[in-house]
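A.B. asks: Just a sequence and a predicted model for now, questions to come.
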Amino acid sequence: MIADTGNSEILTGKSFKFGDDISTDLIAPGRLFHLRSNLPELAKHVLEDADPEFAGKVKPGDFVVGGRNFGLGSSREHAPAIMKIAGVGAVLARSFARIFFRNSINVGLPVLVCDTDKINDGDILEINLKKGVIYNKSRDIKIGFNPLPEVMIRILNDGGLANHIKRNKGFNL
Amino acid sequence: MEKTISEKIISKHAGRELKAGDIAVVNVDIIMSQDGTGPLAISQLKKMGFNRVKKPEKSIFFIDHAAPSPRKELSNSHTALRNFATQVGAVMSDVGKGICHQILIELYTCPGDIVIGGDSHTCTSGALGAFATGMGSTDIAVGYALAKTWLMVPHTIKVNFNGRINKGVFAKDLIIYLIGKITSDGATYKAIEFGGEILDKLSIDDRFTISNMAVEAGAKTGIFPSDNITMEYLRSQGREDCFIEVCADKGAKYVQIIDINCSVIEPMVSQPHTVDNALPVRNLEKIKINQVFIGTCTNGRFSDLKVAADILKGKKVARGVRLIVVPASRDVYFKALKEGILGTLVESGAIIQSPGCGPCVGIHQGILGDGEICLSTQNRNFKGRMGNPDSFIYLCSPATAAWSSIKGYIADPREVLS
């Protein structure tokens, strides 16, 4: 089980496959630093340096699927934030860099550690967050994913860290 | 229970005994953000309903990434940061003062502290024996509001530097070598504790360079124990009062112990586009360079500029190469100015820019053209890092950078140093 993200428990969408070492520079480039105070505008450039056409193709609920060490680099929370704004339903990867993983939970974007070799670009996925199962409809296979730590589930369930702090008037982990 | 440095520091800040894997809410000593992460931290603070910060004297807002501002949107963000810092009585470190990590070590970080920063290279402060780690804007906003954060006590990898460091080899080469060995996610979620036989041969500036790049192996922090070298540095900054001894217990548990024989390490580069794509300079073909950058929180300190100036003295930067030098702080700049280092660099053809992050983040002051190659002393060479996804970045020590700027291609500094 992972969490009730406030969205529906089953997420359905198309996979956009990326490789290993997708850095935050590729997700939210430094050359667009001036847009950091305008996240909806920055979101139009999400993942631009990894796939210039991604922002135009992604539909609400679609998934970003990476390889090893997804989100390495800078602490910019803008990276997961603009993925969420762009409609990304969840990010799936073999492994995540630490700060990106924590930031994603803080902004309420589900991040799932799983065997992404079993997912091709364009595959249709159904993800049951509570049961911890990814169903790859295109290949008719089920893929498990690692549960999140308990503290992160609480933060995600509260709709992110800011809401958690506001609701509990401090930490309630 | 015998503890690692991280276990000790985090236990103390949680008020209870903790071991690796435990999760706790802890008090934090220093909270900071910079102009890329501060504006979002402020809007998150407001969203949570806070109009104050808990610990104003240790809540710091830096302007270093786009300093001075190259465009109006950023100027307006800077204004908002200044206004907020004034309103809540927090510390404002404005344009020209220097890079956040450099100012933290010069003026704020003490051994045994927990430092959280809205910048991934916050781990630099680990060189002084602090538990220092980078986080995103919302975590930093909570830190500003409550002077607390939650942490999982990390497991620790112990890295021992043994043997001897050869001429022409610097701290930057050691850390690039280490990251090449363990890869860019070799220490993810873990702390790295540095030690070994030659700990007392690693100057404080060496340690800053090494701790700074711990995150490039994925680490949560990179910590040195505090010792006489730490004490001497703090004394030179007029801060000896804050020295405490920080060290691991004998028998502390490590998930991995890595012994590095420094005697075999040569001048290194990280090739595009990952830091762990490491290779001795000697093994490279003649790679022609368009730009050389000496600076950043990794290698923009006085000793770095001095190494470069010693190599460049009486020589000229090659035709077709732009050598950009950015001192990490105003203090570094002023000292280098007074001691003639900047004069030597300018005479050789270098461009000296104002203290800050400079071209490292791809905002201004040296954005690369299509197909261009930059050799830099910074810590990251990701695609697009210096403002253009169609350019290429190699990482190296200041000595390699300086010598290469003279040769016009990536060259081994032992040609001039040994």
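C.D. replies: All right, it came through fine.
A.B. asks: Now do the helices in the stretch 1-150 of chain B.
C.D. replies: B:5-14, B:38-47, B:72-88, B:100-103, B:137-146 (DSSP state H, counting those that start in this stretch).
A.B. asks: quick one, which of those is nearest to residue B:264?
C.D. replies: helix B:5-14 (27.3 Å; Cβ to Cβ). For every residue, glycine as well, the C-beta is placed using N, CA and C.
A.B. asks: What helices and strands are in contact with that closest one?
C.D. replies: strand B:23-27, strand B:114-118, strand B:131-134, strand B:156-162, strand B:191-195, strand B:221-223 (3 or more Cβ pairs under 8 Å, 6 or more residues apart in numbering or on different chains; DSSP states H and E).
A.B. asks: Report the angle between that helix and strand B:23-27.
C.D. replies: 60 degrees (axes from the mean of the first three to the mean of the last three Cα atoms, to 10 degrees).
A.B. asks: what inclination does helix B:5-14 have with respect to strand B:156-162?
C.D. replies: Using the same axes, to 10 degrees: helix B:5-14 against strand B:156-162 is 130 degrees.
A.B. asks: Show me what the lowest-mean-pLDDT helix or strand in chain A is packed up against.
C.D. replies: When each helix and strand of chain A is scored by mean pLDDT, DSSP states H and E, helix A:150-157 comes last, with a mean of 90. Counting contacts by 3+ Cβ pairs under 8 Å, 6+ apart, helix A:150-157 packs against helix A:98-107, helix A:161-168.
A.B. asks: Phi first, then psi, for the residue positioned nearest the centre of chain A.
C.D. replies: Taking Cα atoms, centre = their mean, the centroid of chain A lies closest to residue A:91, which sits 3.2 Å from it. When quoted as degrees, to the nearest 10, the phi and psi of residue A:91 stand at phi -110, psi 130.
A.B. asks: surely it meets residue A:111?
C.D. replies: Yes - under the criterion of Cβ atoms under 8 Å, residue A:91 makes contact with residue A:111 at 5.0 Å.
A.B. asks: contacting residues around stretch B:5-24?
C.D. replies: A:149-151, A:173, B:1, B:3-4, B:25-29, B:112-114, B:129-131, B:150-156, B:191, B:193, B:221, B:223, B:225, B:246-249, B:252-253, B:255 (Cβ atoms under 8 Å, 6 or more residues apart in numbering or on different chains).
A.B. asks: now that stretch, how far from the centre of its chain.
C.D. replies: Taking Cα atoms, centre = their mean, to the nearest Å, the mean C-alpha location of stretch B:5-24 is offset from the chain mean by 25 Å.
A.B. asks: And the helices in chain A, which stretches?
C.D. replies: In chain A, the segments counted as helices under DSSP state H are A:24-27, A:39-43, A:54-57, A:78-85, A:98-107, A:150-157, A:161-168.
A.B. asks: which one of those lies closest to residue B:271?
C.D. replies: Per Cβ to Cβ, nearest to residue B:271 of the helices of chain A: helix A:24-27, 16.4 Å.
A.B. asks: State the mean pLDDT of that closest one.
C.D. replies: Helix A:24-27 shows a mean pLDDT of 96.
A.B. asks: can you check stretch B:98-116 too?
C.D. replies: 98.
A.B. asks: what's in contact with the longest strand anywhere in chain A?
C.D. replies: Assignment by DSSP state E gives strand A:10-17 as the longest strand of chain A. Identification of contacts with strand A:10-17 by Cβ under 8 Å, 6+ apart yields A:51, A:54, A:57-66, A:89-90, A:92, A:110, A:116, A:119-129.
A.B. asks: who does that strand pair up with?
C.D. replies: Paired with strand A:10-17 in the same sheet, following DSSP bridges, are strand A:63-65 (parallel), strand A:124-128 (antiparallel).
A.B. asks: Looking at those, which one is packed in the most?
C.D. replies: Among the strands paired with strand A:10-17, strand A:63-65 has the highest mean neighbour count (mean count of other Cβ atoms under 10 Å in any protein chain shown), at a mean of 27.
A.B. asks: Comparing the helices and strands packed on helix A:150-157, which comes out most buried?
C.D. replies: Ranked by mean neighbours (mean count of other Cβ under 10 Å), those are led by helix A:98-107, with a mean of 26.
A.B. asks: Give me the residues contacting that one.
C.D. replies: Defining contact as Cβ under 8 Å, 6+ apart, one finds that helix A:98-107 is touched by A:24, A:70-75, A:77, A:79-81, A:84, A:91, A:96, A:110-111, A:148, A:152, A:155-156, A:160-162, B:120, B:134-136, B:138-139, B:188-189, B:218, B:220.
A.B. asks: can you give me the helices in the stretch 151-300 of chain B?
C.D. replies: So, for the stretch 151-300 of chain B - with DSSP H, counting those that start in this stretch - the helices run B:171-182, B:204-212, B:228-236, B:296-299.
A.B. asks: With mean pLDDT and mean neighbour count added, can I get the ones you listed in JSON lines?
C.D. replies: JSON lines is the format used below for the helices of the stretch 151-300 of chain B (pLDDT from 0 to 100; neighbours: other Cβ atoms under 10 Å in any protein chain shown):
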{"stretch": "helix B:171-182", "mean pLDDT": "98", "mean neighbour count": "24"}
{"stretch": "helix B:204-212", "mean pLDDT": "98", "mean neighbour count": "26"}
{"stretch": "helix B:228-236", "mean pLDDT": "98", "mean neighbour count": "16"}
{"stretch": "helix B:296-299", "mean pLDDT": "98", "mean neighbour count": "30"}
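A.B. asks: Including distance to chain A, could those go into a markdown table?
C.D. replies: Shown next, in a markdown table, are the helices of the stretch 151-300 of chain B (distance: least, Cβ to the nearest Cβ, whole Å):
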| stretch | distance to chain A |
| --- | --- |
| helix B:171-182 | 12 |
| helix B:204-212 | 14 |
| helix B:228-236 | 26 |
| helix B:296-299 | 12 |
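A.B. asks: Put the buried members of the contacts of stretch B:5-24 into a PyMOL selection.
C.D. replies: Buried residues within the contacts of stretch B:5-24, by 16 or more other Cβ atoms under 10 Å in any protein chain shown, are selected in PyMOL with:
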select buried, (chain A and resi 151) or (chain B and resi 3+4+25+26+28+29+112+113+114+129+130+131+150+151+152+153+154+155+156+191+193+221+223+225+246+247+248+252+253)
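A.B. asks: okay, residue 167: pLDDT?
C.D. replies: Going with chain A. 95.
A.B. asks: was after chain B, sorry
C.D. replies: 97.
A.B. asks: Ignoring the adjacent residues along the chain, who's closest to it?
C.D. replies: residue B:418 (4.6 Å; Cβ to Cβ, 6 or more residues apart in numbering or on different chains).
A.B. asks: And residue B:232, by the same measure?
C.D. replies: Per Cβ to Cβ, 6+ apart, closest to residue B:232 is residue B:204, 7.5 Å.
A.B. asks: Next up, the contacts around the one you found.
C.D. replies: Contacts of residue B:204 (Cβ under 8 Å, 6+ apart): B:127, B:229-230, B:232-233.
A.B. asks: if we can go back for a sec, which neighbours do residue A:91 and residue A:111 share?
C.D. replies: Contacts common to residue A:91 and residue A:111, judged by Cβ under 8 Å, 6+ apart, are A:80, A:104.
A.B. asks: Show me which residues of the stretch 101-250 of chain B sit near chain A.
C.D. replies: B:117-120, B:122, B:134-139, B:141-142, B:145-146, B:148, B:150, B:152, B:184-185, B:188-189, B:218, B:220 (Cβ under 8 Å from any Cβ of the partner chain).
A.B. asks: From chain A, how far out is the nearest residue to residue B:42 once chain neighbours are set aside?
C.D. replies: Of all residues not flanking residue B:42 in the chain, residue B:84 sits nearest, at 5.1 Å (Cβ to Cβ, 6+ apart). According to Cβ to the nearest Cβ, to the nearest Å, residue B:84 stands 13 Å off from chain A.
A.B. asks: mind checking the end-to-end distance for stretch B:92-110?
C.D. replies: Start-to-end span of stretch B:92-110 (Cα to Cα, to the nearest Å) is 19 Å.
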